[in-house]
Each structure stands twice: as C-alpha cells, then as structure tokens.
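> Next comes the sequence, and after it the predicted model I'd like to discuss.
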Amino acid sequence: GIQVEQSPPDLILQEGANSTLRCNFSDSVNNLQWFHQNPWGQLINLFYIPSGTKQNGRLSATTVATERYSLLYISSSQTTDSGVYFCAVEVGNRDDKIIFGKGTRLHILP
Amino acid sequence: NAGVTQTPKFQVLKTGQSMTLQCAQDMNHEYMSWYRQDPGMGLRLIHYSVGAGITDQGEVPNGYNVSRSTTEDFPLRLLSAAPSQTSVYFCASSYLDRFNSPLHFGNGTRLTVT
C-alpha cells in the first residue's frame, strides 16, 4: 500500500520562529489534507490541498502532486501551535481510503 | 450542528468482553471511517464506508466489525477485546465531493483492555 512519511518527527522551536513540515507519499493520490492535533487530542483540519498553494493566516501549504510531496509552513509560531501535525492522503485508485502519516510533533517554547 | 459525536469518551474492558463504540454525524456525509491512534504510529485506518450498506477494510481491520445501516451512524464493534486493542479510537466523516471535502473528526474514545 501507499507509504506516507512525515519529517521531521519532532521539532522544538522558540516562539516567533518559522517552520516547514514535510509530507512525502509513495504513489499518486486524489487529494491531501493537513491536520493539527492539539494537546487535548482534538483533530482539526487545516488544509484540503490536492495541489497548488493555500494560505490561512500564519499557515500555508503547498502540494506538488507530480513530485509526491506537500509542505506545511508555519510562520511566527505561537505556543498555541504546539501539538502534532498530520498529513493524510486519499489513495489514487479511487477507493476512498484516507491514509495518515505518523505526524510531526511540534513544541513551541514561550 | 453537533458534527461527529462519539460515545463513550472512556471505556475499560476485560479481555474477552465485547462492546460497541458509537459514532454519529449530522452533516449528511457519505464517507465515514474509524481510526485508532497509538503512540508513535499516527492514525491507522480500521474500516470505512462510502454510504449506507457499504463498508470496506482499512489497514488494521482484524478484531473489529462495522456496519452502516443509516447515513448518520457507523458503529465499531469489538467482539472479543484483547489488550492489543487498547488505544484511542477516532471516528471521522466527510462528503465524497472531491473538490473540497475535509475530514471531520469526533473527539475520540479512549479504550483500555485489561
């Protein structure tokens, strides 16, 4: 099956720093989503981004489907950005499975 | 809208007991799915459904059963619980529209099997 790899696995930054999280996938996909899991365990959808670039405030994401990767940018980090970031892909054979990577754990220090 | 509702929030079972984790959504989503989350493993897909009467296996289906008799409900059954099923379980749903169909998650059920 498809492999979804996220890097780095862990990231510790000072408040105000910028970061880039990467998601690589091993096969063609129908779409890609980014999620944030907060310290209370809630999973929130950040972006639905099968291709191209989207921005939402301090966060932006870019997916290059032909090269099988996506990037999530966080600028001017705040402590509330802490948590785990997951990417998830819908596999390309149209059977609607949505497969997650193992996540990047981000810790923002005040 | 309540979104995706999971019950119970917490559950402790003894090995061999059975139980059903409930999931309901009020957004008329066609797609529903169950994931388990274990430390360092991300979220792994157990079963999913693209509509009432249709279910399919995900990455880790063994030990779990599902059914989808209505659009709103997608219960997950453990017929004989094992300690390896100790995990946090998430239900998620979305439309099948491929142009903008973000996945919505419930708040999770923390299951411990002793």
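Perfect, thanks for sending it.
> Quick check: residues of chain B near chain A?
Contact residues (CB under 8 Å from any CB of the partner chain) of chain B with chain A: B:31, B:33, B:35, B:40-45, B:48, B:50, B:56, B:58-59, B:88, B:90, B:92, B:96, B:98, B:100-105, B:107-108. Using the backbone N, CA and C atoms, a C-beta is placed for each residue, glycine as well.
> Using neighbour counts, trim the residues you listed to the buried set.
B:31, B:33, B:35, B:42-45, B:48, B:50, B:58, B:90, B:92, B:101-105, B:107-108 (16 or more other CB atoms under 10 Å in any protein chain shown).
> hmm, back to that, in strands, which of the residues of chain B next to chain A fall?
B:31, B:33, B:35, B:42-45, B:48, B:50, B:56, B:88, B:90, B:92, B:104-105 (DSSP state E).
> What does A:Thr66 show for phi and psi?
phi -70, psi -30 (degrees, to the nearest 10).
> any idea how far it lies from B:Thr20?
Distance of A:Thr66 to B:Thr20, computed by CB to CB, to the nearest Å: 43 Å.
> And those two? Which one has more around it.
Neighbour count, other CB atoms under 10 Å in any protein chain shown: between A:Thr66 and B:Thr20, B:Thr20 has more, with 13 against 8.
> Secondary structure element for the more buried one, which one?
strand B:19-25 (DSSP states H and E).
> Can you give the distance of that strand from its chain's centre?
On the basis of CA atoms, centre = their mean, to the nearest Å, strand B:19-25 sits 7 Å off its chain's mean C-alpha point.
> ok, the most centrally placed residue in chain B - contacts?
Closest residue to the average C-alpha location of chain B: B:Trp34 at 2.8 Å, with CA atoms, centre = their mean. Counting by CB atoms under 8 Å, 6 or more residues apart in numbering or on different chains, B:Trp34 touches B:21, B:23, B:45-48, B:58, B:64, B:66, B:74, B:76, B:89-92.
> Repeat the analysis, applying 6 Å as the threshold.
Contacts here follow CB atoms under 6 Å, 6 or more residues apart in numbering or on different chains; on that basis B:Trp34 touches B:46-47, B:76, B:91.
> A:Phe35 now?
A:43, A:45, A:86.
> Up against chain B, what does chain A have?
A:41, A:43, A:45, A:48, A:96, A:100-103 (CB under 6 Å from any CB of the partner chain).
> filter those to the buried ones?
A:43, A:45, A:48, A:96, A:100-103.
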